[in-house]
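what shape does this take:
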Amino acid sequence: MAEGHAQALALTLPASAQRQQHPGAVAEALAGWVLAGPAVLLMWLLLLGPALGVIMLSFTDWTFGAPDIAWAGLANYQELFRDRVFWQSLRNTLAYVAFTVPASVFFGLGVALLIEAGNRGKGLYRTLFFLPVTSTLLAMALVFQFAFHPTVGLVNKAFMVVGLPTTDWLKNPDTALYALGVIGIWQAVGLNMVLFLAGLKAIPKDLYEAAAIDGADSAWERFRRVTWPMLGPALVFVVSITAIRSFQVFDTVAVLTDGGPNKATSVLLYQMYQEGFSFLRSAYAAALTCVFLAFVLLLTWAQTQLLDKRAHYG
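Now for the predicted structure:
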């Protein structure tokens, strides 16, 4: 009875009195903050602090090198939403993402399935397909510039052989963005392949044996009933990472097209670069950065939520 009354009294005591009764909990919490302190400090210095600085800068009128800075409120955002180039860059970015993400995920999964199904040379094929990820994109962009050349390029040569129409892929406003998308797909397939291979390795072999007992003898049935559902977590991660990387396209635009022709390949990240470093409009570039980050976070969250509900975590 006395023990029960003591427990009831402890539950009715305020939190401060309970902490006084348990000084070890305070020491434990303090030790936790001491251990986590360096990581929290680095997070603020490298991530949260600069992000907060960009947000504050977007509400000013500061230009790079100016001695004075004044509060501008929402003026930069009002100008941004009236800017025709911004909306053009946003449409180009969305078109690029819509083209590169499904294709790179599809081809990455296909390559992973082919490699996993093989018996020989798995390491060699993994290395070959992963090479684009490790290569310097700027150097490879020059190779693709030659491949897309209107007269001596390999793409037009191949099209002429099969009787298809040719064009100047990087100078034609209708094809320039998708030519850059092909380069993005080429680079993303290798990373997606490695991630899908990790997901395939994690699928228990017992599930395939059970599916065979239930009559799933064909490769398509095994893929539909076992492989695809069990790849849900890997698919969520691959789609999210690929979408983020596609939104951050910059190198190929800066090297091959410079945003042209006629702003046909101007994307959000390239517009940020121009506003901030070419035109030195730092506050306006900060506002553009905030809109870009908010849009990417929202789309990534919606993507993850939609796919996460269908993913099987076992």
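
can you pull out the helices in the stretch 101-250 of the chain?
Assigned by DSSP state H, counting those that start in this stretch, the helices in the stretch 101-250 of the chain fall at 122-134, 137-147, 154-161, 176-201, 205-213, 219-222, 228-230, 232-247.

quick one: closest of the ones you listed to P38.
Smallest distance to P38 across those (Cβ to Cβ): 26.8 Å, for helix 232-247. Quick note: C-beta positions are derived from backbone N, CA and C, even for glycine.

just to revisit the earlier point, could you export the helices of the stretch 101-250 of the chain as TSV, including distance to V267, mean neighbour count and mean pLDDT?
Converted to TSV, the helices of the stretch 101-250 of the chain look like this (distance: least, Cβ to Cβ, whole Å; neighbours: other Cβ atoms under 10 Å; pLDDT from 0 to 100):
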stretch	distance to V267	mean neighbour count	mean pLDDT
helix 122-134	20	14	81
helix 137-147	15	15	84
helix 154-161	22	14	91
helix 176-201	9	21	92
helix 205-213	42	12	82
helix 219-222	38	12	84
helix 228-230	32	16	87
helix 232-247	8	20	88
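
just so I know, which of the ones you listed lies nearest D61?
Per Cβ to Cβ, nearest to D61 of the helices of the stretch 101-250 of the chain: helix 232-247, 27.8 Å.

tell me how many other residues crowd A66.
Residues contacting A66 under the criterion other Cβ atoms under 10 Å number 12.

so how far is A75 from it?
From A66 across to A75, the span is 15 Å (Cβ to Cβ, to the nearest Å).

T300 contacts S240, doesn't it?
Yes: here T300 reaches S240: they are 5.6 Å apart, a contact under Cβ atoms under 8 Å.

follow-up on the earlier one: with distance to G24 added, can I get the helices of the stretch 101-250 of the chain in TSV?
Below are those laid out as TSV (distance: least, Cβ to Cβ, whole Å):
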stretch	distance to G24
helix 122-134	49
helix 137-147	54
helix 154-161	70
helix 176-201	42
helix 205-213	46
helix 219-222	55
helix 228-230	44
helix 232-247	39
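
do you know which of these lies nearest V255?
helix 137-147 (4.6 Å).

what angle sits between the closest one and helix 154-161?
For helix 137-147 against helix 154-161, the angle by axes from the mean of the first three to the mean of the last three Cα atoms, to 10 degrees is 30 degrees.

surely F64 is within a strand?
No: counting by DSSP: H, G, I helix; E, B strand; the rest coil, F64 is not part of a strand but coil.

that one: what's it in contact with?
G276, L280, R281, S282 (Cβ atoms under 8 Å, 6 or more residues apart in numbering).

thought the first one was touching S282?
Which is G276. Yes: contact criterion Cβ under 8 Å: G276 and S282 qualify, at 5.8 Å.

between those two, which has more neighbouring residues?
S282 (22 against 19).

OK, contacts around the more buried one?
With contacts defined as Cβ under 8 Å, 6+ apart, S282 is in contact with L57, W62, T63, F64, G276.

could I get those residues as JSON lines with pLDDT?
Shown next, in JSON lines, are the contacts of S282 (pLDDT from 0 to 100):
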{"residue": "L57", "pLDDT": "90"}
{"residue": "W62", "pLDDT": "86"}
{"residue": "T63", "pLDDT": "84"}
{"residue": "F64", "pLDDT": "82"}
{"residue": "G276", "pLDDT": "89"}
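
for the residues you listed, give me JSON lines that also has distance to G123.
What follows is these, written out as JSON lines (distance: Cβ to Cβ, whole Å):
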{"residue": "L57", "distance to G123": "49"}
{"residue": "W62", "distance to G123": "53"}
{"residue": "T63", "distance to G123": "53"}
{"residue": "F64", "distance to G123": "49"}
{"residue": "G276", "distance to G123": "44"}
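
of the residues you listed, closest to L114?
Closest approach between those and L114, by Cβ to Cβ: G276, at 43.4 Å.

with adjacent residues omitted, what lies nearest to that closest one?
For G276, ignoring the flanking residues on the chain, the nearest one in space by Cβ to Cβ, 6 or more residues apart in numbering is A285 at 3.3 Å.

wait, isn't the one you found in contact with E275?
Yes: applying Cβ under 8 Å, one finds A285 in contact with E275, separated by 4.1 Å.

let's verify I69: helix, strand, or coil?
Going by three-state DSSP: I69 is coil.
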